[in-house]
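**Student:** pasting the sequence and the predicted coordinates here, then a few questions.
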Amino acid sequence: MSATLKLTHKAIGVEVRRGTFDVVVDRERVGSVEMNDTIEIPIEAGHHTLQVRNGRNLSRTLTFDAAEGQVIAFRCTGKRFLPIFLVSFVVPRLALSLRPA
């Protein structure tokens with residue numbers, strides 16, 4: 001049996017970076033998630049890393065542990081506060097937000 005990674009791409013209000021986000025688990029692309037959509041990906045139980053990318057824009061890398069049969073949920077968005085949005089043009093890893101749901 002495996003665990004499930006559930007990722008939702010949703011923003012409240014206007015989102016400037018609205019494209020499709022690539023989902024990267026343990027440094028491998030495992031799928032993509034569209035704006036206002038949710039994707040569920042089966043993963044092995046254990047320790048994992050997660051990141052979302054859109055071209056040169058990316059999120060910080062999060063780590064998580066998954067147990068057998070567990071559903072691990074995260075939410076991602078391209079919406080950022082103005083100061084972080086502006087800095088993200090120089091530091092692309094600040095462009096996208098990824099957090100536990």
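**Tutor:** Sure thing, it's come through.

**Student:** distance from the chain centre to the lowest-mean-pLDDT helix or strand in the chain, please.
**Tutor:** Least confident helix or strand, the chain: helix 82-87 with a mean of 76, by mean pLDDT, DSSP states H and E. Between the centre of helix 82-87 and the centre of its chain there are 19 Å (Cα atoms, centre = their mean, to the nearest Å).

**Student:** repeat that for stretch 75-95.
**Tutor:** For stretch 75-95, the distance to the chain centre is 13 Å (Cα atoms, centre = their mean).

**Student:** so for that stretch, what gets flagged as buried?
**Tutor:** 75-80, 88, 94-95 (16 or more other Cβ atoms under 10 Å). All C-beta atoms are positioned from the backbone trio N, CA, C, and that covers glycine.

**Student:** restrict that stretch to CA atoms and write it as CSV.
**Tutor:** The C-alpha coordinates for stretch 75-95 follow below in CSV (Å, rounded to 0.1, in the frame of the first residue of the first chain):
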residue,chain,number,x,y,z
ARG,A,75,-1.8,24.1,-1.4
CYS,A,76,0.2,26.1,-4.0
THR,A,77,-0.2,29.5,-5.5
GLY,A,78,1.6,32.2,-7.5
LYS,A,79,0.0,35.0,-5.5
ARG,A,80,2.5,36.8,-3.3
PHE,A,81,2.6,40.0,-1.2
LEU,A,82,4.0,42.9,-3.3
PRO,A,83,7.5,43.1,-1.7
ILE,A,84,8.0,39.3,-2.1
PHE,A,85,6.6,39.4,-5.6
LEU,A,86,9.1,42.1,-6.6
VAL,A,87,12.1,40.3,-5.0
SER,A,88,11.0,37.1,-6.8
PHE,A,89,12.2,38.6,-10.1
VAL,A,90,15.8,38.4,-8.7
VAL,A,91,15.3,35.3,-6.5
PRO,A,92,13.0,32.9,-8.5
ARG,A,93,12.6,30.5,-5.6
LEU,A,94,10.3,33.0,-3.9
ALA,A,95,7.9,33.3,-6.8
